[in-house]
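1. got a sequence here, can you build the structure:
(chains A, B, C and D)
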There are 2 protein chains.
Amino acid sequence: MNSESDAALELARTFREALRQAVYVTRRLDVGETELTGSQLSLLTQLADGGARVSDIARNLGVRAPTATEQITRLEGRGYVRRDSDPEDSRVVVVRLTDDGWDAVARVNLRRNRAIAAVIDELPARDRAALEAAIPVLTSIYDRLRGE
Amino acid sequence: MNSESDAALELARTFREALRQAVYVTRRLDVGETELTGSQLSLLTQLADGGARVSDIARNLGVRAPTATEQITRLEGRGYVRRDSDPEDSRVVVVRLTDDGWDAVARVNLRRNRAIAAVIDELPARDRAALEAAIPVLTSIYDRLRGE
DNA sequence: CTCTTGAAGTTAGGTTCCCTAACTGTTAGG
DNA sequence: CCTAACAGTTAGGGAACCTAACTTCAAGAG
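-> The predicted model follows:
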């Protein structure tokens, strides 16, 4: 048990705690928001670049296939996505945004981004810069783990 | 629509996305972990400093009172916490860790912190520093919102 | 061509976590 | 004393996750 691994453990501890708090904060800002849940919005946002298979959606969200199926079915029922078939492999289901889905993604993302932006705007410039610098680090960790 | 607010919105967008990815990463690292869920561990960890009221627990976790009651009841059934009464106010329930609860908190936190630390250890020193610098910012945002 | 193996998605059944509404019991102020 | 507010629980329900088991289809081996 050397001091180096102690430092890493301590950083891990504060990281976990800060993450929990950050999740709390964003949930707090969603109060009164009924159009889409956070999970639904994540799924739809991911489709903005084009259609995706059910299995791709599940992997990107970090959930199992049945969970993706369930969410897709709910969103399909509300008219936000549709299921297309892949002409090259009839087992595959390609999920795409409908026009209504596109509108909803844009609308809800804008509303939530504004709520977060309002909080970020009140931070000192140094804190804002610290936040900005940490984002690509998180993304790089995510990219590495997602591939495995 | 000036360029300044565009920048804030863009930062908010990437912040939300990074947060989602971070949640994915930590969930990924908890795979195979069955002793305690993330929510349960958050609740128990909070009790390490001493007993707390149900309402305090709920506020700190960012959930409603019935949710706290439910989780406390589950953890009580597993022998990790106990309910004591407050001699000065008989409406109040003070929740405390049992010895088993203390052991479980220490064990599971260590295991999860090690999993995160292993990932952090592989980062370049600059990235580690960026992560470290962002943590107090998240905490300050949380503290401000929690008070409201 | 057939047979087997595995991949893609869905269905079935269950748990956890969260909510609002409504209730019981207790405190405290007018 | 009586009413208002507070602490916690109960009841009921929805969303998001899981594993196990199933169907359908693809693709390689013989």
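2. which stretches of chain A have low pLDDT?
-> A:1-4, A:147-148 (pLDDT under 70).
3. which bits of it sit near DNA strand D?
-> Contact residues, chain A versus DNA strand D (Cβ under 7 Å from any atom of the strand): A:37-40, A:61-64, A:66-67, A:70-71, A:74, A:89-91. Just so you know, the C-beta spots here come from the backbone N, C-alpha and C atoms, and that holds for glycine as well.
4. for the lengthiest helix in chain A, which residues meet the burial criterion?
-> If you go by DSSP state H, chain A has its longest helix at helix A:3-29. By neighbour count on 16 or more other Cβ atoms under 10 Å in any protein chain shown, the buried set for helix A:3-29 is A:8-9, A:11-26, A:29.
5. check which helices and strands that helix is in contact with.
-> Applying 3 or more Cβ pairs under 8 Å, 6 or more residues apart in numbering or on different chains; DSSP states H and E, one finds that helix A:3-29 contacts helix A:99-121, helix B:3-29, helix B:99-121, helix B:125-147.
6. switch the cut-off to 6 Å
-> Helix A:3-29 is packed against helix B:99-121, helix B:125-147, with contacts defined by 3 or more Cβ pairs under 6 Å, 6 or more residues apart in numbering or on different chains; DSSP states H and E.
7. show me how far it is from its chain's centre.
-> 18 Å (Cα atoms, centre = their mean, to the nearest Å).
8. what do you get for stretch A:46-56?
-> 13 Å.
9. ok, residues contacting it?
-> With Cβ atoms under 6 Å, 6 or more residues apart in numbering or on different chains as the test, stretch A:46-56 has contacts from A:60, A:68, A:92-97.
10. ranking those by neighbours, who comes first?
-> Sorting the contacts of stretch A:46-56 by how many neighbours each has (other Cβ atoms under 10 Å in any protein chain shown) puts residue A:95 first, at 24 neighbours.
11. thinking again about what came up before, just flag the most distant two among the contacts of stretch A:46-56.
-> A:92 and A:97 (17.5 Å; Cβ to Cβ).
12. with mean neighbour count and distance to chain A added, can I get the helices and strands packed on helix A:3-29 in a markdown table?
-> As requested, the helices and strands packed on helix A:3-29 are exported to a markdown table (neighbours: other Cβ atoms under 10 Å in any protein chain shown; distance: least, Cβ to the nearest Cβ, whole Å):
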| stretch | mean neighbour count | distance to chain A |
| --- | --- | --- |
| helix B:99-121 | 17 | 4 |
| helix B:125-147 | 16 | 3 |
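13. of all those, which one is nearest residue A:131?
-> helix B:125-147 (5.4 Å).
14. which strands or helices does that closest one pack on?
-> Helices and strands touching helix B:125-147, by 3+ Cβ pairs under 6 Å, 6+ apart, are helix A:3-29, helix A:125-147.
15. of those helices, which is nearest residue A:114?
-> Nearest to residue A:114, of those and by Cβ to Cβ, is helix A:3-29 at 9.7 Å.
16. residue A:43: neighbour count?
-> 26.
17. ok, now the one 10 residues further on?
-> Applying the criterion other Cβ under 10 Å, we find 16 residues in the vicinity of residue A:53.
18. tell me how many other residues crowd residue A:35.
-> Neighbour tally, residue A:35, other Cβ under 10 Å: 11.
19. how close does it get to residue A:112?
-> 10 Å (Cβ to Cβ, to the nearest Å).
20. equivalent analysis for residue A:26, please.
-> 8 Å.
21. again with residue A:56
-> 24 Å.
22. what does residue A:97 give?
-> 18 Å.
23. cool, and residue A:45?
-> From residue A:45 to residue A:112 the distance is 10 Å (Cβ to Cβ).
24. in chain A, where's the longest strand?
-> strand A:89-97 (DSSP state E).
25. for that one, packing partners?
-> strand A:81-86.
26. by how many degrees do the longest strand of chain A and strand A:81-86 diverge?
-> Orientation check (axes from the mean of the first three to the mean of the last three Cα atoms, to 10 degrees): strand A:89-97 against strand A:81-86 gives 150 degrees.
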